[in-house]
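Student: sharing a sequence plus its predicted fold:
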Amino acid sequence: MGKFFLYLVVTILVIWSMDSLNINGIFKKGKIFQARLLYFFLGISLIYLVTNFLMDLFTIWKIF
């Protein structure tokens, strides 16, 4: 149950932080679908990595 709430919090933070990026200059013109798909995968990856990092950190703190 705790991991679920952590996913929610991290998802909100990742969406908020990715909103500040201006990635229009990176992609070719007319490649809107690919740009949105990459942006989506970057968001999902960040959410997964940050959540698992925090869960590992919390687990280590409980051990010591």
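Tutor: Looks like it came in fine. All figures in this text were calculated on a predicted structure; none of them were measured in a lab.
Student: which residue ranges of this structure form helices?
Tutor: For the chain, helices defined by DSSP state H occupy the ranges 2-18, 32-63.
Student: other SSEs contacting the first one?
Tutor: Counting contacts by 3 or more C-beta pairs under 8 Å, 6 or more residues apart in numbering; DSSP states H and E, the secondary-structure elements packed against helix 2-18 are helix 32-63. Glycine gets a C-beta too; all of them are placed from N, C-alpha and C.
Student: what is the helix it packs on packed up against?
Tutor: Short answer (3+ C-beta pairs under 8 Å, 6+ apart): helix 32-63 packs on helix 2-18.
Student: report the buried residues of stretch 14-32.
Tutor: Residues V14 are the ones in stretch 14-32 that count as buried (16 or more other C-beta atoms under 10 Å).
Student: out of the helices of the chain, nearest to G25?
Tutor: helix 32-63 (10.9 Å; C-beta to C-beta).
Student: report the distance from that closest one to the chain centre.
Tutor: 4 Å (C-alpha atoms, centre = their mean, to the nearest Å).
Student: just want the angle from that helix to helix 2-18.
Tutor: Interaxial angle of helix 32-63 relative to helix 2-18 (axes from the mean of the first three to the mean of the last three C-alpha atoms, to 10 degrees): 130 degrees.
Student: flag the shaky bits of the chain, pLDDT-wise.
Tutor: Applying pLDDT under 70 to the chain flags residues 63-64.
Student: next, format the helices of the chain as CSV and append distance to I26.
Tutor: Converted to CSV, the helices of the chain look like this (distance: least, C-beta to C-beta, whole Å):
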stretch, distance to I26
helix 2-18, 13
helix 32-63, 8
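Student: contact partners for the nearest residue to I26 once chain neighbours are set aside?
Tutor: Distance criterion C-beta to C-beta, 6 or more residues apart in numbering; nearest residue to I26, sequence neighbours excluded, is A35 at 7.9 Å. A35 is in contact with I23, I26, F27, counting by C-beta atoms under 8 Å, 6 or more residues apart in numbering.
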